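J.: Dropping a prediction and its sequence here:
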Amino acid sequence: MVQNNTETFHSRMMGLRPKSKRYEAFYDFLDLTLWSLSLDLLGEPNLDTLNMELVRRYTSEDFEAFRDLLPVLVQQMDVLIAKGRNQDILGRFYAKHLATEPVKEAFSGRKWTPSEVPTVEIELQSRKYRCFIDEDCGSGQRLLAARAIFGPDHYYLGIDHDPLCVMMCAFNLLVTKCRGEVICGSPQEPYYFVFGYRVSRNPLRLQKLQHTEDSLLWETYLKNK
């Protein structure tokens with residue numbers, strides 16, 4: 001548990017870069033964190049997915065700061081999960097410090113509450129998983145709220161056109177042990193696919209999806225829309 005109130009994800013992230021570079025630092029922290037947590041099919045970090053241009057932008061001290069951010073974030077989320085509270089620290093930071101005004105309004109509470117979760121359930125083709133799909137998932141708040149309603153045996157699927165939102169959502173699914181997928185794409189344009197992530201349980205694992213054929217969500221839902 002984080003004992004020192006100044007040692008929060010928000011305060012540490014705010015101290016990493018000046019305001020003009022904060023979005024870049026936030027994005028890169030998530031990109032590097034998800035790469036370090038993801039495994040290929042052999043159970044090893046996938047060097048093919050490492051953004052070398054990103055690596056060259058930072059010093060060893062910067063990478064240490066990113067590394068130290070991760071346990072602070074996870075510990076804070078664990079505390080909120082244990083209390084049954086909204087654990088979307090990433091989404092709240094994004095809304096408060098980085099987002100445009102319409103996004104800030106969406107995060108104000110009027111649109112992002114468990115009582116407004118659309119209970120969309122389908123059965124995936126050729127697999128008997130009950131799922132919850134959010135076609136505009138953002139940082140994953142509705143998926144997290146759906147998990148509180150449906151439990152861990154569902155499959156949680158998110159789609160968003162914004163790569164940063166996809167990364168926030170993937171991280172939230174991983175820490176809260178929600179099995180599922182989130183992809184960067186568009187329900188209106190099924191063949192628009194950038195990348196995605198799959199979270200598995202037993203064992204808990206994150207895999208980056210680089211092609212449409214890697215994605216259960218795309219193969220069974222978007223392709224047939």
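T.: Great, that's in hand. Numbering: from 1, shown residues only.
J.: Grab the longest strand from the chain for me.
T.: Among the elements of type strand in the chain, defined by DSSP state E, the one spanning the most residues is strand 193-200.
J.: Please name every helix or strand in contact with whichever helix or strand comes after that strand.
T.: Once the chain leaves strand 193-200, the next helix or strand it forms, by DSSP states H and E, is strand 205-209. Applying 3 or more CB pairs under 8 Å, 6 or more residues apart in numbering; DSSP states H and E, one finds that strand 205-209 contacts helix 22-37, strand 193-200. To be clear about C-beta, it is placed using only N, CA and C from the backbone, and glycine gets the same treatment.
J.: buried stuff in strand 205-209?
T.: Buried positions in strand 205-209, judged by neighbour count with 16 or more other CB atoms under 10 Å: Leu206, Gln207, Lys208, Leu209.
J.: With adjacent residues omitted, what lies nearest to the last one?
T.: Closest residue to Leu209 in three dimensions, ignoring its sequence neighbours and counting by CB to CB, 6 or more residues apart in numbering: Gly196, at 3.8 Å.
J.: Show me which helix or strand of this protein is least confident by mean pLDDT.
T.: The element with the least model confidence among the helices and strands of the chain, by mean pLDDT, DSSP states H and E, is strand 121-123, at a mean of 41.
J.: Torsion angles phi and psi at Asp68?
T.: Main-chain torsions, Asp68, degrees, to the nearest 10: phi -70, psi -20.
J.: Report the contact partners of it.
T.: Contact partners of Asp68, counting by CB atoms under 8 Å, 6 or more residues apart in numbering, are Arg12.
J.: which SSE is Ile133 in?
T.: In the assignment (DSSP H and E), Ile133 maps to strand 130-134.
J.: Report the spatially closest residue to Gly140, excluding sequence-adjacent ones.
T.: Taking CB to CB, 6+ apart, and ignoring the residues beside it in sequence, Gly140 has Cys169 as its nearest neighbour in space, at 3.6 Å.
J.: quick one: pLDDT of Ala99?
T.: We note a pLDDT of 75 for Ala99 in this prediction.
J.: same question but for Gln207, I mixed them up
T.: On the pLDDT scale, Gln207 is placed at 89.
J.: looking at the sheet around the nearest residue to it once chain neighbours are set aside, what are its partners?
T.: Spatially, and ignoring its direct neighbours in sequence, Gln207 is nearest to Arg198 (4.7 Å; CB to CB, 6+ apart). Each beta-bridge partner of Arg198 is listed here, defined by DSSP bridges: Glu181, Gln207.
J.: isn't Arg198 right up against Leu174?
T.: No - when contacts are counted by CB atoms under 8 Å, Arg198 is not listed as touching Leu174 (10.1 Å).
J.: residues shared between the contacts of the two?
T.: With CB under 8 Å, 6+ apart, Arg198 and Leu174 have common neighbours Leu206.
J.: residues of stretch 93-102 that come out buried?
T.: The neighbour-count criterion (16+ other CB under 10 Å) identifies Phe93, Tyr94, Ala95, Leu98, Ala99 as the buried residues of stretch 93-102.
J.: likewise stretch 69-76?
T.: Residues of stretch 69-76 classed as buried by neighbour count (16+ other CB under 10 Å): Leu69, Leu70, Val72, Leu73, Val74, Gln75, Gln76.
J.: and the next element down the chain from the helix or strand hosting Ala146?
T.: Under the criterion DSSP H and E, the helix or strand holding Ala146 is helix 141-150. Downstream of helix 141-150, the first helix or strand assigned by DSSP H and E is strand 155-160.
J.: Quick one: mean pLDDT over that next one.
T.: pLDDT averaged over strand 155-160 equals 91, rounded to a whole number.
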